[in-house]
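K.L.:
Sequence below, structure please.
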Amino acid sequence: MYACSAANGKTKSLKDFDKFPAVSVQTETKLLDAGLPTPELMLIYKDSLLLVRNNLNKNPHHVRVFDIAQKKTVTNILPVSRKNGGALSFMSFNITDSLVWVFDVAKNGFIVANIDSVVTGDKGVEAYSEYRLKPQIFYYDAFLLNRNEALVSGNYDSDEKLLYVNLLDSTRNKALLSYQRDSAIGSSRLNKMSYESFMLMKPDKKKLVLACRYADQFELLDLDNGNHKKIRGPVGFSPELDPFENNAGVTVATPGQNTRYGFLKGHVTEKYVYLLFSGYDVKSPHRFYGNRIFVYDWNGNPIKEISLKNDIVDFSATSDNTMLYTLNALNKTISSSELKW
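P.N.:
Presented below is the predicted three-dimensional model:
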């Protein structure tokens, strides 16, 4: 691992490779209209349902469910509510086994339901369970392993870069990665925030990806043996965020005029890691969108770059890596294309 600085972006090397072994251009076909004003996130379930989250929601539910084969809306799930079982505000949204969940930053916990039950049956808050974390600590990202266990990351006031959390017994919590042991970050809050990353879990729950928001970099952690490595390239840049003093007098990191956006979203299968790449700088109106998907295997080896004709906000791939579904937030459509290897 090479040391790097969030302040000036200077490193011994910013790339582990220069180009992907293969590049393909996808020809997308419109599948259906999302019918949502601000579609933002998309998940696939059993290769047959697409779950689309609407941002800035004014609807009674956060997520709309679509049937791929029938090309139509099935139902809406995850009710908007302050009541127990309702969700308020979240970035983390996923499906673990048969559980659909969000990590609600307002409630500081997980809102969880059996996906088959809420898709076909009860849609109210009573169908959902809450698992709150104590004490009240901000985490940038979280991933639910099951109803008893979770992983959380992004506690910038501690040395815990990645923490295993037992939802039933907090005495069993365990730090899996340390900020101090990362030569690019150390104890600096500015660097911790500059290397903000979102989590992706291999379906067998044996490996984890931490994909960086402001750098062409992601990390791989083997949860069985603890092996850990960073992968950089092919674009090659480190975070360049500016220090800013918030209302509490704490120095935090904020995007500045030299900031570039790295990975926006990601999805995984048992075989591959798919990462939607931005590369746009903070001044670009396209900074929150991408038209390139980088594909790696679970050892971090580059496999393929998928080039799209339009900017998208999110995507999903089928478990057998044969179909790609993309979400275009500008025209509010979901498109499909065949993946060829």
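K.L.:
from here on, contacts and neighbour counts on C-alpha atoms
P.N.:
Will do.
K.L.:
what's the residue lying closest to residue 224 once chain neighbours are set aside in contact with, if anything?
P.N.:
Once flanking residues are discounted, residue 224 sits nearest to residue 206: 6.2 Å by C-alpha to C-alpha, 6 or more residues apart in numbering. Shown in contact with residue 206 (C-alpha atoms under 8 Å, 6 or more residues apart in numbering): 222, 223, 224.
K.L.:
now these as CSV including distance to residue 105, secondary structure and pLDDT?
P.N.:
CSV is the format used below for those (distance: C-alpha to C-alpha, whole Å; DSSP: H, G, I helix; E, B strand; the rest coil; pLDDT from 0 to 100):
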residue, distance to residue 105, secondary structure, pLDDT
222, 27, strand, 98
223, 25, coil, 97
224, 29, coil, 95
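K.L.:
Out of those, which end up buried?
P.N.:
Among the contacts of residue 206, the ones that count as buried by 16 or more other C-alpha atoms under 10 Å are residue 222.
K.L.:
out of the contacts of residue 206, who's nearest residue 261?
P.N.:
residue 222 (26.1 Å; C-alpha to C-alpha).
K.L.:
Hmm, that closest one is touching residue 208, no?
P.N.:
Yes: counting by C-alpha atoms under 8 Å, residue 222 touches residue 208, with 6.5 Å between them.
K.L.:
Mind putting the contacts of residue 206 into JSON lines with distance to residue 324?
P.N.:
Listed next are those as JSON lines, based on distance: C-alpha to C-alpha, whole Å:
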{"residue": "222", "distance to residue 324": "27"}
{"residue": "223", "distance to residue 324": "28"}
{"residue": "224", "distance to residue 324": "30"}
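K.L.:
Quick one: neighbours of the nearest residue to residue 303 once chain neighbours are set aside, just the number.
P.N.:
With sequence-adjacent residues excluded and distances taken as C-alpha to C-alpha, 6+ apart, residue 303 is closest to residue 296, at 5.1 Å. Residues lying near residue 296 (other C-alpha atoms under 10 Å) number 20.
K.L.:
show me the contacts for residue 296.
P.N.:
Residue 296 neighbours (C-alpha under 8 Å, 6+ apart): 272, 273, 274, 302, 303, 304.
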